[in-house]
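Student: could you look at this predicted model? Sequence included:
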Amino acid sequence: MQSIRCLPSLKPRLAQASLVFFMLLACLASAAFAQAQPAPPATSAAQGMWTNARTKLLRIRIVPIGQTSQASVGSGFFVSNDGLLISNFHVISLVALKPDRYQALYETPAGDKGELSLLGVDVVNDVALLRIKSGSLSGKPTDAIKFRPATGTGSSLQRGERIFSLGNPLDVGFAVVEGTYNGLVERSFTPRLFFSGAINGGMSGGPALDAQGQVVGINVAKRLDGEQVSFLVPAEHAQKLIAASVKAAPITTPLYTTITSQLTQYQQQLTERFITTPWKPQVNAGVSIPIPSDDFLRCWGRREQMESKAFQFSRTDCRMDSSVFTGEGNLGMISTQHESYDGSKLGPTRFMDRYTKSFENENFFSGIRPSTKPQCKQSSLQNPLSPRMETVLCLSAYKRFKGLYSVSMLVVTQEGHITGTLGRLNATGVSFDNALKLAQHFADGFKLEAKAGAKP
């Protein structure tokens, strides 16, 4: 019987096929394993900002001379290779006003330390220009952050564009905060960029960068009654200060004269704009009351009933959201208040008692110290177009900001014996002439409304 045997080539072919099969399985397993592994993390935009900017940032400490404990702390950033840097005026205000008592020190993320000299300030826009004192960095050049070009393609920020704020929040270490640009702040007399990001104390003076790492603003403030509502000084103001002060000698005397000059120019622009902006009339008991435009003041109103609902009371408060930090208080503000009373259900005697007490409760506040004792004058005003009015005008002079005053004007109107309006104008940091102009403008805003059917 013929025996059956395998073909001579069968075993090698089976072995080869098995090898190929197992190699294929190994490749598939390897591919699956590789696919299951996470890819190496890409560098985030915020991480890139920190990598590029960390050699250009500073912590700024204001220290009493002869001490080591800091009086205040903020941030700054280099804008040149020879140690020129930008911060906020409010960060270094103690050095600007009291250079014999305070000094400005710096520290970089790398640990370099030294002293700073103040070269110039822009108080209105809250910017300061400083330079590292010679020898602090042993002659090493400093890295500088570039500003975003003011002109050319892509120079204008777009709403929703990403911005990165850098600084030293609460003095716990340098941080990068990512947020968005949301246009200019509305109703702000001084221009501010609206930044949706968490700026905290200690970050003041740090840079805000666009996606290319260019400076678009300087951290300056935030709203305490909101979340991630922060503000930046437009970079152009820093650039203007650099151009004006880069060759200036270090400042060694108090800057009251410089600050006064800048405030004087600011209050002139503020007064002219306020006077030329039309009132929004609001009528009470036949009297048109001057309510400021929403152009750069914000107004809030309420209406209440008092004394068993017999006494009708309404109030309107209007004030500027912006002001100028001087180092000794905030100036450059205008506000108005109006209280309208209706005592038709109260009777003339009780109404006049309540109305008189409201007037007597008013007081004068200069807004800054030291200042002179307020000088006040009471007058009666009457003309064919205005209601009967009693006015009190008070002025107080600032002792260190020569030629600037606080002014308050009270206006009391009365139509009959059961209705009336108490108005008040406050302005801080204005010249004597402009104080009188503002007061006259406010008084002229109270007008009698023509009654229906009356001849013009």
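Tutor: Okay, I see it.
Student: on the three-state scheme, residue 183 is what?
Tutor: Using DSSP: H, G, I helix; E, B strand; the rest coil as the criterion, the local structure at residue 183 reads strand.
Student: who touches stretch 312-323?
Tutor: Residues from elsewhere that reach stretch 312-323 (CB atoms under 8 Å, 6 or more residues apart in numbering): 185, 187-190, 192, 282, 284, 289, 291-292, 296-306, 330-345, 428. Bear in mind the C-beta positions are built from the backbone N, C-alpha and C, glycine included.
Student: swap in 7 Å and give it another go.
Tutor: Applying CB atoms under 7 Å, 6 or more residues apart in numbering, the contact partners of stretch 312-323 are 187-190, 282, 291-292, 296-306, 330-342.
Student: ok, now stretch 142-159?
Tutor: Surrounding stretch 142-159, the residues in contact under the criterion CB under 7 Å, 6+ apart are 53, 55-56, 77-81, 83, 181-183, 207, 210, 214-216, 235-236, 239.
Student: ditto for stretch 425-445
Tutor: Counting by CB under 7 Å, 6+ apart, 263-264, 267-268, 271, 274-275, 279, 290, 324, 331-336, 367-368, 381, 389, 391, 393, 395, 403-409, 411 sit against stretch 425-445.
Student: tell me which stretches of the protein form helices.
Tutor: Assigned by DSSP state H, the helices in the chain fall at 10-36, 45-53, 89-97, 235-245, 256-276, 348-360, 432-444.
Student: mind checking which of these is nearest residue 196?
Tutor: When these are ranked by proximity to residue 196, the top entry is helix 45-53, at 15.0 Å, counting by CB to CB.
Student: ok so, going back, generate a ChimeraX selection restricted to the buried entries among the contacts of stretch 312-323.
Tutor: Typed into ChimeraX, the next command selects the buried ones out of the contacts of stretch 312-323 (criterion: 16 or more other CB atoms under 10 Å):
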select :189,190,282,291,292,296,297,299,331,332,333,334,335,336,337,338,339,340,341,342
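Student: and the contacts of stretch 312-323, which of them are in strands?
Tutor: Using DSSP state E, the members of the contacts of stretch 312-323 that fall within strands are 282, 291, 298-306, 330-331, 333-342.
Student: let me know the average pLDDT across stretch 270-283.
Tutor: Average pLDDT, stretch 270-283: 92.
Student: and for stretch 437-452?
Tutor: With pLDDT averaged residue by residue, stretch 437-452 scores 83.
Student: that one: how far from the chain's middle?
Tutor: What separates the centre of stretch 437-452 from the centre of its chain is 33 Å, taken as CA atoms, centre = their mean, to the nearest Å.
Student: do stretch 65-73 as well
Tutor: 26 Å.
Student: so that it lines up with my notes, have the first residue be 26 from now on.
Tutor: From this message on, residue numbering opens at 26, which makes the last subject stretch 90-98.
Student: hey, which of the helices of the chain is tucked in deepest?
Tutor: Ranked by average neighbour count under the criterion mean count of other CB atoms under 10 Å, these are headed by helix 114-122 at a mean of 24.
Student: now the angle from it to helix 260-270?
Tutor: Calculated by axes from the mean of the first three to the mean of the last three CA atoms, to 10 degrees, helix 114-122 forms an angle of 20 degrees with helix 260-270.
Student: quick one: work out the angle between helix 114-122 and helix 281-301.
Tutor: 130 degrees.
Student: now do helix 114-122: which elements does it pack against?
Tutor: Under the contact definition 3 or more CB pairs under 7 Å, 6 or more residues apart in numbering; DSSP states H and E, helix 114-122 sits against strand 82-89, strand 97-103, strand 127-132, strand 138-147, strand 152-157.
Student: mind listing residues that contact the first one?
Tutor: Strand 82-89 is contacted by residues 95-102, 110, 112, 116-117, 119-120, 126-134, 191, 193, 199, 230-231 when judged by CB under 7 Å, 6+ apart.
Student: over to the third one?
Tutor: The contact list for strand 127-132, computed with CB under 7 Å, 6+ apart, reads 83-90, 96, 117, 119-120, 138-141, 143, 155, 157.
Student: adjacent strands (with direction) for it?
Tutor: Take DSSP bridges as the rule and strand 127-132 pairs in its sheet with strand 82-89 (antiparallel), strand 138-147 (antiparallel).
Student: could you dump the shortest one to PDB, C-alpha only?
Tutor: Once side chains and other backbone atoms are set aside, the C-alpha atoms of strand 82-89 remain, and they are given as PDB (Å, rounded to 0.1, in the frame of the first residue of the first chain):
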ATOM      1  CA  LEU A  82       8.600  91.700  33.400                       C
ATOM      2  CA  LEU A  83       9.300  93.200  36.800                       C
ATOM      3  CA  ARG A  84       7.800  93.300  40.300                       C
ATOM      4  CA  ILE A  85       7.900  96.900  41.600                       C
ATOM      5  CA  ARG A  86       8.100  97.500  45.300                       C
ATOM      6  CA  ILE A  87       7.700 100.900  46.900                       C
ATOM      7  CA  VAL A  88       9.700 100.900  50.100                       C
ATOM      8  CA  PRO A  89      10.200 103.600  52.800                       C
END
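Student: any idea of the pLDDT on residue 399?
Tutor: What the model reports as pLDDT for residue 399 is 91.
Student: ignore the last one, residue 82
Tutor: 96.
Student: so it bridges to which residues?
Tutor: On the basis of DSSP bridges, residue 82 takes part in beta bridges with residue 102.
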